[in-house]
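Enquirer: Can you look at this prediction? I've put the sequence above it.
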Amino acid sequence: MTDPLLDHARRYADAHVDPAGVAATPVAGMAILRETAPTMLQFAVSKPLVALVLQGSKRVTMGNRSFDFGAGESLLITTDVPTVSQITTASKVLPYYSIVFELDPVIIGDLVDQIGPVPFEADRPVRVDPTETEIADAALRLVRLIDRPAALAVLGEQLRRELHYWLLAGRHGGAIRALGVTDSHAQRIARAVALLRDHYAEPVRVEALAAAAGMSLSAFHVHFRAITSLTPLQFQKQLRLIEARRRMLAQGEAISDAAYGVGYESVPQFTREYGRMFGQPPARDIRRARAGGMMGGGLGGFLRD
């Protein structure tokens, strides 16, 4: 028995996929991803999103936790976090397919106002669970519209809203709810993360980040670590290293130029920290990545799930 969601996603992705394996759609915040072979490690800073895997499998690592998931399962990311991902099962006969939806805090906030309180969950920014039936059904109806622009213009936002509703009503509604609640810890930390992303190459005082979040220094440290799994300095270091890798891969920058461009004052220090994060020195890593045809992730990249 065929899976209608996989069938519709496959037809669209096969016709529209770009060299990076991404098939952009006219639906705001939605893309369909396709790979015909296992990939190398991909490094990126992911926005809040849900990814429905339809075929194949993938591994995503955040901090010291790894998540393996495949067809029939969904990845949920509820805050901007650095991730390492790798498609582990894919072939020309059975490619990897997934649908990625970026979560919209405006829609979430409006729904929270209507449906009332949803119990909060303990902070955990990355989760993997079986895809719930209501979410798959809403996704199918939305995917069916992407080649029907007249219908999409009338029904698209309604279906995006329905998809967010079922996510809120599901097992992780509490974690998603925080994205739409004004002045929640998640929103406060998001302001600090935005400051770090905008000024990753500059020295940033933790006191300034705490002030952006509207928290005391001690509370800020606790909530930042709980929501992102990293300290602010670790977060900034990963931002710098991911962006440096992107510059070397995509723009061909020299190692020293990339190091200084993202805020390092010492190339040897950059090389040591790069090796700890990516598993090998910059020159060797970039040669290997180019041989594999990978262009690299970045600070604004769409998670290739």
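Expert: Alright, I've got the coordinates. Residues are numbered from 1 along each chain as shown.

Enquirer: okay, and for the chain, where does confidence drop off?
Expert: Residues of the chain meeting the criterion pLDDT under 70: 1-2, 63-64, 117-124, 180-183, 292-305.

Enquirer: and stretch 54-73, C-alpha only, in CSV?
Expert: Once side chains and other backbone atoms are set aside, the C-alpha atoms of stretch 54-73 remain, and they are given as CSV (Å, rounded to 0.1, in the frame of the first residue of the first chain):
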residue,chain,number,x,y,z
LEU,A,54,8.8,10.0,4.8
GLN,A,55,11.6,7.7,3.6
GLY,A,56,15.1,6.9,4.6
SER,A,57,16.7,7.8,7.9
LYS,A,58,18.8,10.5,9.6
ARG,A,59,20.9,11.3,12.7
VAL,A,60,20.9,14.7,14.3
THR,A,61,23.3,15.6,17.2
MET,A,62,22.9,18.6,19.5
GLY,A,63,25.5,18.9,22.2
ASN,A,64,26.2,15.5,23.6
ARG,A,65,22.8,14.0,22.5
SER,A,66,22.2,12.1,19.3
PHE,A,67,18.8,11.3,17.7
ASP,A,68,18.3,8.6,15.1
PHE,A,69,15.0,8.6,13.3
GLY,A,70,13.4,7.4,10.1
ALA,A,71,10.2,7.1,8.0
GLY,A,72,7.1,7.7,10.1
GLU,A,73,9.0,9.8,12.7
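
Enquirer: which of the residues in it are buried?
Expert: Buried positions in stretch 54-73, judged by neighbour count with 16 or more other C-beta atoms under 10 Å: 54-63, 67, 69-71, 73. (Glycine included, C-beta is placed from N, CA and C.)

Enquirer: Contacts for stretch 158-171, please.
Expert: Identification of contacts with stretch 158-171 by C-beta atoms under 8 Å, 6 or more residues apart in numbering yields 27-29, 50, 76, 101, 103-104, 107-108, 111-112, 115, 118, 129, 132, 134-135, 138-139, 141-142, 145, 173, 176-177.

Enquirer: Can I get stretch 224-236 as PDB, trimmed to CA atoms?
Expert: As requested, the backbone C-alpha atoms of stretch 224-236 are provided in PDB (Å, rounded to 0.1, in the frame of the first residue of the first chain):
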ATOM      1  CA  PHE A 224      20.100  29.700  28.400                       C
ATOM      2  CA  ARG A 225      21.700  26.300  29.300                       C
ATOM      3  CA  ALA A 226      18.300  24.600  29.800                       C
ATOM      4  CA  ILE A 227      16.900  25.900  26.400                       C
ATOM      5  CA  THR A 228      20.000  25.600  24.200                       C
ATOM      6  CA  SER A 229      22.000  22.900  26.100                       C
ATOM      7  CA  LEU A 230      25.000  25.200  25.800                       C
ATOM      8  CA  THR A 231      26.600  28.100  27.700                       C
ATOM      9  CA  PRO A 232      26.400  31.500  25.900                       C
ATOM     10  CA  LEU A 233      30.200  31.300  25.200                       C
ATOM     11  CA  GLN A 234      29.900  27.800  23.800                       C
ATOM     12  CA  PHE A 235      27.000  28.900  21.700                       C
ATOM     13  CA  GLN A 236      29.000  31.800  20.200                       C
END
